[in-house]
Structure formats: structure tokens, C-alpha cells
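S.K.: Okay, sequence plus prediction incoming.
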There are 2 protein chains.
Amino acid sequence: MKKSALQKARLAYQPKLPIALTSSLKMVEGKPTQSVADQEKIKELFPNTYGLPELRFEKDTASPKGGKPVNVGVILSGGQAPGGHNVISGLFDGIKRIHRDSRLFGFLMGPGGLVDHKYIELTSAIIDEYRNTGGFDIIGSGRTKLERKEQFDKALEILKELNIKAVVIIGGDDSNTNAAVLAEYYKSINAGVQVIGCPKTIDGDLKNDMIETSFGFDTATKVYSELIGNIECDCNSAKKYWHFIKLMGRSASHIALECALQTQPNVCIISEEVEAKNMTLDDVVNYIADIVAARAADGNNYGTVLIPEGLIEFIPAIKKLIAELNNVIAEHADDIAGIDTEKLPEYIKAHISAENAATLNSLPDDVARQLMLDRDPHGNVQVSLIETEKLLSNMVGKRLAAMKEEGKYVGKFAAQHHFFGYEGRCAAPSNFDTDYCYALGYNAACLVYAGVTGYMSSVRNLVKPAVQWICGGIPITMMMNIERRNGADKPVIQKALVRLDGKPFLKFADQRDKWAVNTCYVYPGPIQYFGPAEVCDQPSMTLKYEHEGK
Amino acid sequence: MKKSALQKARLAYQPKLPIALTSSLKMVEGKPTQSVADQEKIKELFPNTYGLPELRFEKDTASPKGGKPVNVGVILSGGQAPGGHNVISGLFDGIKRIHRDSRLFGFLMGPGGLVDHKYIELTSAIIDEYRNTGGFDIIGSGRTKLERKEQFDKALEILKELNIKAVVIIGGDDSNTNAAVLAEYYKSINAGVQVIGCPKTIDGDLKNDMIETSFGFDTATKVYSELIGNIECDCNSAKKYWHFIKLMGRSASHIALECALQTQPNVCIISEEVEAKNMTLDDVVNYIADIVAARAADGNNYGTVLIPEGLIEFIPAIKKLIAELNNVIAEHADDIAGIDTEKLPEYIKAHISAENAATLNSLPDDVARQLMLDRDPHGNVQVSLIETEKLLSNMVGKRLAAMKEEGKYVGKFAAQHHFFGYEGRCAAPSNFDTDYCYALGYNAACLVYAGVTGYMSSVRNLVKPAVQWICGGIPITMMMNIERRNGADKPVIQKALVRLDGKPFLKFADQRDKWAVNTCYVYPGPIQYFGPAEVCDQPSMTLKYEHEGK
């Protein structure tokens, strides 16, 4: 494929590597670890990989030891995130440093490629085409879940055939959970295959004390912040629209929060706060409408509102409603199949609790119908199809009309809507993600060399310059707890939601009232690669605030 | 307002100025000009400003002549475009070079500020805050049309009060048309106020032999191309969606065409071609569906489609339908006001021609209803509200279902939708727009110094380095013709549509079949300011191709 001028220029970039990885290194073992919760159950489920020590690589003064060639497989799992190619190029360079005859195999289109034996060898000619570029197109990605013994056994066939000693799975919380299960299984049967995870997701919800951030979050939020800043600037020039901007990010509101810190909009809703305060949809609408009215009182009939993708599911009343709808639909599947679509709403309302029926009736007609009628392939309500940005602006408009009649609002309200997600998942990685991902991959090679399994590649101290980053491995079981999924208890990596007592949220909460009424927009502009460090080499504000003073 | 790191770094950028403007200059007069069409009528309407000569500034070997202080007013008119602040800073520096006591006044929120006497003085402290930044927020913009004598007289009061010798209007084709009318009027009454226009619009439809491009087009198309490239990369990584992307740009398809040249999508519709080929909406749908099917036959169930904002109005059958709908609605306004909304479609269908009724019936229900029921404040059909990207993907989906039954299509079709417009209008200007706008403003100051009126600031030879750019003035009347607007003949600047015999379109047309079936995406990435010239200093491909070999 034809490369753009920027891609060509970026191919020459040499990612900065932490000092610990630049020469001969030694592995330092920490203390045995425990899972974050449900220790007994997790231990029982992972008898071979539970309680492993944290690992840390340090520079060794001894001269480098020669290694043997090693064959490694790599998988990109789940949604795209900027920097994936650099995890792979770091891994490639890392295993080549162990021995020049080491080989890297890429399984195609996600974990499915491993199970179905679809792969390519990633030679230096291929790797060199993709260094420092965005996207997962080098081998593609997919959402097949590695969960069953048959899959593991099928995968082992090809791993053995290719003499692969280790598989590196680049994925989010679910994919890394599956990596841990796979590691445990291969260990239990002495398969001789290590499994190493790498923390990927733009959503920023895979982090904990040892994993400071998942890769891709930095770049994606910078792309969204570029666009939000551009829209704010338009907003402040034309002074006639309220822009409602929905942001990808699944359940957690990390993306919305980071973008708010970057761009200082008039409103940013944080789902975790909505849930904690037990707010209704009307509460959220009133909160926004009051800010619109306050600005209008100053003659400012314009503004910017950020909305996290997962909001609807965090509104307790709607959460309850959805849960009951899913149950009712499942229980009465046969009845429902025989009922005319037009009569279905009536039927459903008759079968849910009075409280949930009231919630349903409080929603705009089209949203209520969507909740009742649209199903995903598993028969569940499709919350992600709800255009929350339009729903909210529509309800705010109605609320303002009522306020106008009550004499509480004088102004004009016209809205524009945006949804940003796909725009940022495959962006060219920022310098931060370029370096971080390369280090994650290179570090994964060191974990392979160390012969360990069930570990996640860990690169920390990320607010410092790359040379000072701390590298090592964290047992994946350490991040796990037991959660109820599809009616069964499952060991899973705890998803990191926005902490309302965390510094990023507190910094936001401290300033938002000022941002609401005044116009305090910041226009970050596009990601830069070649300019001054204060422009090109800044980590996310979330990361900065989380580690401020540490 | 708080500045981002990029904004701070950009404040220090010194725009490159054409050599002709860097020292003492002389004005060279060309031959008298004629309007592009309707010469007699235009001449009659502009007796004082018709037939003026083209002007060109050249470097003078004589030592600079001292000028007198001059007060100038400036207006940002219409939609935002990246670089507006630099036109103003160039103008400011230009009049300061004439004399350090020259003063610049900015009229607020567009032409309305001139009529309503709302303004601020733009001091160096203010100007320095906005150099090289995006947006029109320095003085705001607006869409008030300067058309009536009362407005002109009212404006003259404040111009006289502030001792303003010249007004610079930064706007698109309509605003520059109004600038010409204002220039003519002030000349006719010997008001002693010059009027100078500057070519602004992201849409790229204000250009001709002497105006190579309007400012903002370069930056906006680069921002959209960044996003399209990111989406293409996602598309090529996940391999499961067809992305339908609508692009702003009013009637003309310049933006879609430029973005297609930059990013090489599978499909790009050019409205001008749809009209020239007398295509129906079904023809457009079939064209896309055939490409989806051809890719699916190769196992590629994904792709990217670019759609120009103005498409619907260019489909001849729909154009006819809209025209008749507008007439019928106007003629039967009283009847219609008394009819129940539910019965209105029936009434309307009974009052339009059989041909147009057939067109209406061929459209999806919701679009047909929208055309019949939604009105703008003037009672016209609101074409811009139609979500063409969803309409097309919906119709393509139906067409594919039919093709599947006929055995002509085997594959999966899932769509995602995007609309980019506000994301690019206020972006930080590219180096090209930064330099071009500064030169346009500086050059406008030279035209003020030259004492001329009714001219547009012209900076040409734009594919060459900035030092070689050619500067001067073009009589606005030269770009005019007579067009029918709201039932009356009006002199207007001819809108530049995409020329189907022009090189940009021919280059596209030559490659599109290859792009359709193969995956030839290009990922331009974000605009860069500090890197190598091949990344940072490239004009648009439209401009390059239009001037190739010249």
C-alpha cells in the first residue's frame, strides 16, 4: 500500500527504550502475589499460575549472555488501539536480540487465527513496513474468545508445529483474562508454551497499581481532544450551537474525563458519578439544561457537552429496566415471537414491574421502542444503538421549553451532534504510545527469555522520560476477581472504572462549575511528532494527575 | 483563555511572505477586465467599478515611500475557515508597515457588527494572541447579508466616525458579491471608503483563473483526510464494516474529491458527475452496491464510501421533486396549514406531477416524509437535514438483500456512519493556510495603500514556495455573472463546481475502479507543523493537479 508522507517520515523514528532494556539485564523477583479479591477461589482456579512473584528487569553489569533462537507467536485481540504495531516490532526486535535466528509468527484476525491455524511469519521486511504506524492491519484483529479446552488443544497443534515457545496476546481485560486461563492450562499439561499478555485498550479501563495505563488511550484521547477543541473553537466563533459529543469508551468514562481535562468543555457527564449519586435520566437532563440556561442568561447560547458512551447503562433506573427487559424477553420468548410488533410494547409493559414501567414511560417514545424492540443476536436489549447524544439534546430542548414557560430561561437552543470512536482507534500513535508500545513488546520478549508464563508485560513510571521507565512482569492472576457473567461465576480481570476519589476526577470536579458558565475552552490541536517536547512528548493528563507527587 | 502547548509553540511561527511584499513595492496595472459572463448587465449594475484592470505588486528598487496612517475595518463573514486570524494579522502588520499609527478595527459577529456599530480595536496585544491559530473567535463571524442601501448608509456612519478608509471583508462568494455591491455604492456616492474582499471558504468553490483557491480548504480537507485515513485503517484492521462518511462542502464536491485523492477510498460520489450523467438515487445506490458485491466476492466485507453533503440536490429527479414541492407548499400554504400532519403526505402527492410523485414513492418512507413535512423558516424543504450517509447505506443494504436472492451477492454488510464538518472549520491552520492567509491579509493592506476599491486580494502561484507567490488584486466584477436567485436576476460571483474535465477529477476517475475493488487506502495522519517539508508544507492535491505542468 502507498504510504503517506507522514508514514514515511515516521518509519525512521527510533522509539526510546527504557535503560533497563538497552543492554544486558537481570530479572529480580519480588514477593509472591495475591489476587485483588476472591483469593481462595482464584487460587483454586489457577493452581499452577497463582501467587507468582512480580518481576522486574534491571540493568546487569555482567556481559550479555547468548540466548538460543526462540519462536514466538503474537495475536492482536479485540478493538483496535494505536500502537499495536509497535508492540509487535518491539517484540520482534527483542527476540532478535536474544538470537538472530528467532522467529515471530503473527496469527491472523485475532485469536481465531490461532485456533484455525491461520498465520504469517513476520519477517523484518514486513515489520519494517509497519514501525510506528497506527492500525492493526499488519495481521488484523478479531473478537473470538479463547475460552474452551478444544480451542486450547487445537491451538497447541499449530504452536507445536511451528515450534513456538511463547504466545503474546495483545488485548484488553477479557483477552488478558483468557491469556491467564490459557497459560494455566498449558502449564497444567506441561505443554511447554508460555503465554504473555500486553495491556491494550483505548478505553483506559485496564489499569491498576502495576499497570499504569493501557496503550492506545493516550493517542485516542488526543485525537478526540483535537476534534473537540476544533468544535469548541467553532462553537466560540459562531456562538449559535450547543454541540453534544458522544465519546467511545465502553462502560468506563476515562476517555470522556481525559478529553474534558484536555479541552475544558461546558459539560462533561461521568457515568460513574451518575451511578454513585443515583441520578435519573431527568436529573442528567436538568443538570445540562440548568447550565444552558445559566449561559443563556449571560447571552451565550452555545456550548459543548461531552457524553461517555456507557452513560445509559449507568443510570440506575435504566439499568434496572434493562435487566428486567432482558429477563422478560428471555422468559416469554415463545409468546413474544407470536406477537405483532405493534402490540409488543403493550405486552412488555404488562409484564414488567410498575417501577420499571414508569421508567419506560419517562423515556422519549423512540428510545422506549428501541429498548423494547431492538435485540442483539443473543436476544439482549441493544443499549449501544441508542444515540445518547441526540436523546439528551432532545430532552434538554424540551426541558428548556418548559423552563421558558416558567420564566426560568430566555435564549435560543440549537444542537449539533457528534460521535467519536472509529476516528481514534487506528490513528498514528503519539510519541508516548509509540515508545510505550515498543517497550511493552520488547519487555514481553524479555519475559519470554525469562521463561515465565501467565504474566502481563508491565512498563511503569510512565510520567518520567522513557529511559527511566521500569520494566517487568505482573502475574495476571494478581489482577483478578470473581464476577457474575452470563449467570456463572467467572474469574476476570477487574475493570478499572473512573474513581470518584481519584485525582483526575477531583481536578475535573474542582473546575467544572467554572468551565460550565465561563468559556474556558482549550484547543489542543493535532498530535505532533517533530516539534518541541512540551508539544510532542506529554503523557495523558489522567496519567499525570494519577502520579502527581508520587 | 488558556492556550494549549501547540498554540503557544505556534505563536512563534513567522509566516513566509512572498518576496514582492517583503520590501518596497510598485503596482503594475494589467489590461481592463470583463466579467466572466453577462458583461452588459454587470457593467450596467457596476458603472463605477466595472472593467477595472488587474493589479500586480512587484518589488520596487526604489527606497520605500513613507505612507500616512490609515484606519481599516475588518469583517469575518459566514462559516468559519482555518486561517482567518492570519488574514487579520497579515492585514494588521501590513497597515502598520504603511505607518505605525495605522489602526485596525474589527467588526463583531460578522457584517451585522458593521451595520450595528459593534466593534473593537484590534491592538497588537490582541493580534499577538491569535497569530497562526484556528477559529474566528478573535471577533466572531455571522451571516447577516450586506445588501440594502440602508445597511450601507448605516455602516458608513461608523466608518466615518472611526475615520476608516477601507473595509476588508473576509468571506465566501456571497460575501464577496456583497463586498462588490458595497464598493460600487460607496464609489457612487464618493464616500471615500474602499472595500476589499478576501477569498474564504473551506468548500473550495470560490476560485477561478485568478483566485487559485479559497483559504481554509487546505486545512479542512487535511483534517477530514486524517479522520478518513484513520477510519480506513480501522476498516482494514477489523475488516467488518462499510463506513459511510458524509463531508461538508455545500453544493460543490471539491472537499470530497480532495479527500478521495488524499485517502483513496473504495467509493467517492461526485455530485457534479451524478448530475452530468443524469443519475437517479437508485443509480447511485446500485453503483455502490455493485462495488460492495465485487469486494465481497474477494472476501472483503468492508470498505469506505465518501459522500458530498450536496449530493441529494444534484440528483436531477430529486432536484425537480424539491422544486415542485417548494412551489406546491408555497401555493397551497393556506390549505396546508389547515391539514392534519398525518393526512398531509396524501394531499401533497395529489398536487404534484406523476413523475415527481413516482420519485417520492421511490424514496425510503422517512426521507419522503422529511421532504414533505420538514420546513425551514422560509417554508422550504430542508434538504440539509437528510442524513444522506444513512439513506444510502440503508438503500445499499436493501439492494444487496435483493442481489443475494438473485445469487449476485454473497457476503455480510454492516455499516457505520460519520459526518465531518464542524471538526475541520476551526482547526489550527496548516502551514500552507497559515502562510497563504497572512499573505492575503498583508496583500489586502497593499491594496488599501494603493487606494483601490472593489478588488479581491489575490495571491497566486501557490504550488510554488511562498517567496515566489504572485500578489495583486482582481476586480470582483470580473468574477461575476447573472443568476436567478429567489425569483430575481442577481449579479453574483460564479460558484466553482468540480469540473469533470479538470485534472483533479480526471486523476480520480482514472484510479477509482482500482481503488474500488482493491484496498489502496492512504493514511495521511494529522497535520504537522514542525517536521520535514514533504510532510508539513504540501498544498492540496487539487491545487497541485490543477497547476501541474503550468
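M.R.: Ah, there it is.
S.K.: taking the mean pLDDT, what do you get for stretch A:362-379?
M.R.: Averaged across stretch A:362-379, pLDDT comes to 80.
S.K.: Could I get the buried residue list for that stretch?
M.R.: Of the residues in stretch A:362-379, A:L363, A:V367, A:A368, A:Q370, A:L371, A:M372 count as buried by neighbour count, 16 or more other C-beta atoms under 10 Å in any protein chain shown. The way it works is simple: take the backbone N, C-alpha and C, and place the C-beta from them, glycine included.
S.K.: The host helix or strand of the second one and chain B in contact?
M.R.: Take DSSP states H and E as the rule and A:V367 turns out to sit in helix A:365-373. No. Helix A:365-373 lies out of reach of chain B by C-beta under 8 Å from any C-beta of the partner chain, never closer than 11.7 Å.
S.K.: after that helix comes which helix or strand?
M.R.: Per DSSP H and E, the first helix or strand lying C-terminal to helix A:365-373 is helix A:388-405.
S.K.: how about that following helix against chain B, any contact?
M.R.: No. Residues of helix A:388-405 are not located near chain B by C-beta under 8 Å from any C-beta, the shortest gap being 11.3 Å.
S.K.: Show me which positions of that helix end up buried.
M.R.: Residues A:388-397, A:399-400, A:403 are the ones in helix A:388-405 that count as buried (16+ other C-beta under 10 Å).
S.K.: and which of these is nearest to B:F413?
M.R.: A:K390 (24.2 Å; C-beta to C-beta).
S.K.: and the closest one, what does it touch?
M.R.: A:F244, A:H417 (C-beta atoms under 8 Å, 6 or more residues apart in numbering or on different chains).
S.K.: Model confidence for it, exactly?
M.R.: Confidence for A:K390, expressed as pLDDT, is 92.
S.K.: can you check A:A337 too?
M.R.: With respect to pLDDT, A:A337 has a value of 83.
S.K.: Likewise for A:F136?
M.R.: For A:F136, pLDDT reads 97.
S.K.: Under a three-state scheme, what state does it occupy?
M.R.: For A:F136, the assignment made with DSSP: H, G, I helix; E, B strand; the rest coil gives coil.
S.K.: same thing with A:C471?
M.R.: For A:C471, the assignment made with three-state DSSP gives strand.
S.K.: burial measure for it, as a count.
M.R.: The number of residues packed around A:C471, counting by other C-beta atoms under 10 Å in any protein chain shown, is 26.
S.K.: what does the one 5 residues further on give?
M.R.: Look at A:I476: counted by other C-beta under 10 Å, it has 28 neighbours.
S.K.: Now it: closest residue in space that isn't a chain neighbour?
M.R.: Excluding its sequence neighbours, the residue lying closest to A:I476 (C-beta to C-beta, 6 or more residues apart in numbering or on different chains) is A:A180, at 3.9 Å.
S.K.: Enumerate the residues of the stretch 51-200 of chain A near chain B.
M.R.: Counting by C-beta under 8 Å from any C-beta, the residues of the stretch 51-200 of chain A that sit close to chain B are A:G79, A:Q80, A:M109, A:T133, A:G134, A:G135, A:F136, A:D137, A:G140, A:S141.
S.K.: make it 10 Å
M.R.: Within reach of chain B by C-beta under 10 Å from any C-beta of the partner chain, the stretch 51-200 of chain A has these residues: A:76, A:78-80, A:82, A:84, A:109-110, A:133-143.
S.K.: What residues does A:S4 make contact with?
M.R.: Residues near A:S4 by C-beta atoms under 10 Å, 6 or more residues apart in numbering or on different chains: A:10, A:133, A:428, B:225-226, B:229, B:262-263, B:521-525, B:535.
S.K.: Could you export those residues as TSV, including pLDDT, distance to B:C437 and neighbour count?
M.R.: Putting the contacts of A:S4 into TSV (pLDDT from 0 to 100; distance: C-beta to C-beta, whole Å; neighbours: other C-beta atoms under 10 Å in any protein chain shown) gives the following:
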residue	pLDDT	distance to B:C437	neighbour count
A:R10	96	28	24
A:T133	97	32	27
A:A428	97	27	29
B:S225	98	20	30
B:E226	98	20	32
B:G229	98	25	31
B:Q262	98	21	22
B:T263	98	25	28
B:Y521	98	31	24
B:V522	98	27	22
B:Y523	98	27	29
B:P524	98	21	25
B:G525	98	23	26
B:V535	97	20	23
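S.K.: I'd like to know which of these are part of helices.
M.R.: Among the contacts of A:S4, the ones falling in helices (DSSP state H) are A:R10, B:S225, B:E226, B:G229, B:Q262, B:T263, B:V535.
S.K.: I figured the last one hits A:K3, correct?
M.R.: No. Under the contact definition of C-beta atoms under 10 Å, B:V535 does not touch A:K3, with a separation of 11.5 Å.
S.K.: anything in contact with each of those two?
M.R.: Taking C-beta under 10 Å, 6+ apart as the criterion, B:V535 and A:K3 both touch A:A9, A:R10.
S.K.: quick check, A:L55 in a helix?
M.R.: No. Counting by three-state DSSP, A:L55 is not found in a helix; it is strand.
S.K.: what about the nearest residue to it once chain neighbours are set aside, how many neighbours?
M.R.: What sits nearest to A:L55 in space, not counting adjacent residues and going by C-beta to C-beta, 6+ apart, is A:G473, at 4.1 Å. Other residues near A:G473 number 28, with proximity taken as other C-beta under 10 Å.
S.K.: Would you mind measuring from A:G473 to chain B?
M.R.: As judged by C-beta to the nearest C-beta, to the nearest Å, A:G473 and chain B stand 27 Å apart.
S.K.: do A:D116 as well
M.R.: In terms of C-beta to the nearest C-beta, A:D116 sits 14 Å off from chain B.
S.K.: quick one: that residue and A:I158 touch, right?
M.R.: Yes. If you go by C-beta under 10 Å, A:D116 and A:I158 touch, sitting 8.9 Å apart.
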